[in-house]
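Asks: Dropping the sequence and predicted coords here.
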Amino acid sequence: MAPESLTMNDVRPFFDTTTLVGDPDDARSRFDQDGYLVVRGLLPAPVVEDLRRQFLPVLRQAGWIATDSPATDQIADPSAFAVEPEPAYQKVYNQLYSLPAFHALQHRSELMDLVGALLDAPVMPHPRIIARVMFPDHTAHTTPAHQDFPPIQGTADTITAWIPLTDLPAEMGGLEIAAGSHRQGVFDFVPALGAGGTEITDPLDGAWVGGTFEQGDVLFFHSMTVHRGAPASGSRLRLSVDMRFQRLADPIAPGSLGPHDPDISWEQIYEGWAPGQHQYYWRDWDLNVGEFDTQYNDKRDAMAFELAAKGDVEARAALLRIVARNPDPEKQRKAAEALATLDADTA
């Protein structure tokens, strides 16, 4: 089972680093110390709002937004609850993924320039971007404490820009950071529900920071920095996007050059796009594409099969990822059988 103590720590407020943006040396020093930066109002709110409003019709048509209130209110329909990478979720998710405005956001100078200053080098945005649609009051599926490096790999000096698409008051949660955790290597982990399917076993007491967000705020963090979602309550869907950046000269894993869902191609995503909207932009660079080390996924998967055999629902997210993304058909079959048994036993 996932360690219960991870949700019981006191959370201190973020250190607001907005004023450091104009001084690259100070910003870099603070990022190296804490493994994160919070920059208030970095992106123009109308730009973020435009992307949110392009998400809303897709979510409404899918039934994720209740029909008895304006779509702009983002009131969730609880009966439509789905999680990544269930097929019902992926079908809607891939429609969001095909919006040109979603992919254009990562190329904005506000993001590129700041990450370039933090890494002190020319940088590239990863083609693989991520959207998060979180239903409220499903605490068990809140993103658990984890590190991004094991599933991303390439260079450890990958920086994520986490961008909420709306204001996030305390009840809607947000993202929390274990400050300084990026300097402690890869933590031990166990399978868990929520995005990523793993949770670190160290509670990191005393390290957690968090707080509220406004539209236009951006949270940057290192790929080794432990982070987690704060539980979302209330009635509204929580919408956010992840965009990742690295030095152009550093190694990148093959998966970071593909769509988030391996079952959809760039050709499908770009269908109907006008020319000049950043299609295949990374092909202009001579990239250092490295191998993906499967040791972390293999460890997670082995533990997930053991937990599933015991009827432990914490295995479910990892099993879903094996079925949806593992290249081994036999392993996919085994995971599908384990998942079916687990779901039948817990129905």
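Replies: Great, that's in hand. Numbers count the residues shown, from 1 in each chain.
Asks: Strands along this protein, start to end?
Replies: With strands called from DSSP state E, the chain shows them at 12-13, 36-39, 123-125, 130-134, 159-164, 175-178, 189-191, 198-200, 208-210, 218-222, 227-229, 238-247, 251-252, 288-289.
Asks: Could you pull out the buried residues of stretch 199-210?
Replies: 199-200, 202-204, 207-210 (16 or more other Cβ atoms under 10 Å). Backbone N, C-alpha and C define where each C-beta goes, glycine included.
Asks: What's the local residue count around residue 249?
Replies: 14 (other Cβ atoms under 10 Å).
Asks: Could you measure from it over to residue 174?
Replies: From residue 249 across to residue 174, the span is 33 Å (Cβ to Cβ, to the nearest Å).
Asks: Using CSV, lay out the strands of the chain together with distance to residue 60.
Replies: Putting the strands of the chain into CSV (distance: least, Cβ to Cβ, whole Å) gives the following:
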stretch, distance to residue 60
strand 12-13, 35
strand 36-39, 31
strand 123-125, 29
strand 130-134, 12
strand 159-164, 20
strand 175-178, 25
strand 189-191, 33
strand 198-200, 32
strand 208-210, 30
strand 218-222, 27
strand 227-229, 24
strand 238-247, 13
strand 251-252, 36
strand 288-289, 39
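Asks: among these, which is nearest residue 268?
Replies: Closest of the strands of the chain to residue 268 is strand 130-134, at 16.3 Å (criterion: Cβ to Cβ).
Asks: could you dump that closest one to PDB, C-alpha only?
Replies: Output of strand 130-134 as PDB, limited to C-alpha atoms (Å, rounded to 0.1, in the frame of the first residue of the first chain):
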ATOM      1  CA  ILE A 130       0.600  17.000 -21.100                       C
ATOM      2  CA  ALA A 131      -2.800  18.200 -20.100                       C
ATOM      3  CA  ARG A 132      -4.400  17.300 -16.800                       C
ATOM      4  CA  VAL A 133      -8.100  17.200 -16.200                       C
ATOM      5  CA  MET A 134      -8.800  16.400 -12.600                       C
END
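Asks: How about it, which residues are buried there?
Replies: 130-134.
Asks: Can you say which two of the residues you listed are spatially most distant?
Replies: 130 and 134 (12.4 Å).
Asks: sorry, back to before: ok, so of the buried residues of strand 130-134, who is nearest residue 66?
Replies: The nearest member of those to residue 66, counting by Cβ to Cβ, is residue 133 at 14.3 Å.
Asks: close enough to count as contact, that closest one and residue 93?
Replies: Yes. Contact criterion Cβ atoms under 8 Å: residue 133 and residue 93 qualify, at 7.4 Å.
Asks: dump the residue contacts of residue 37.
Replies: 17, 20, 27, 30-31, 114, 118, 219-221 (Cβ atoms under 8 Å, 6 or more residues apart in numbering).
Asks: Okay, and the beta partners of the spatially most central residue of the chain?
Replies: Centroid-nearest residue in the chain, with Cα atoms, centre = their mean: residue 242, separated by 5.2 Å. In this entry, residue 242 is beta-bridged to residue 130, residue 162, by DSSP bridges.
Asks: And it, what's its pLDDT?
Replies: We have a pLDDT of 97 for residue 242.
Asks: from the contacts of residue 37, which two are the most distant?
Replies: 20 and 221 (15.0 Å).
Asks: ok so, going back, next, format the buried residues of strand 130-134 as TSV and append pLDDT and distance to residue 142.
Replies: Shown next, in TSV, are the buried residues of strand 130-134 (pLDDT from 0 to 100; distance: Cβ to Cβ, whole Å):
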residue	pLDDT	distance to residue 142
130	97	16
131	97	17
132	95	11
133	96	13
134	94	8
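Asks: outside of stretch 59-77, which residues touch it?
Replies: 53, 56-57, 79-80, 82, 91-92, 95, 133, 135-136, 166, 235-237, 239.
Asks: I'd like to know which of those residues are part of helices.
Replies: 53, 56-57, 91-92, 95 (DSSP state H).
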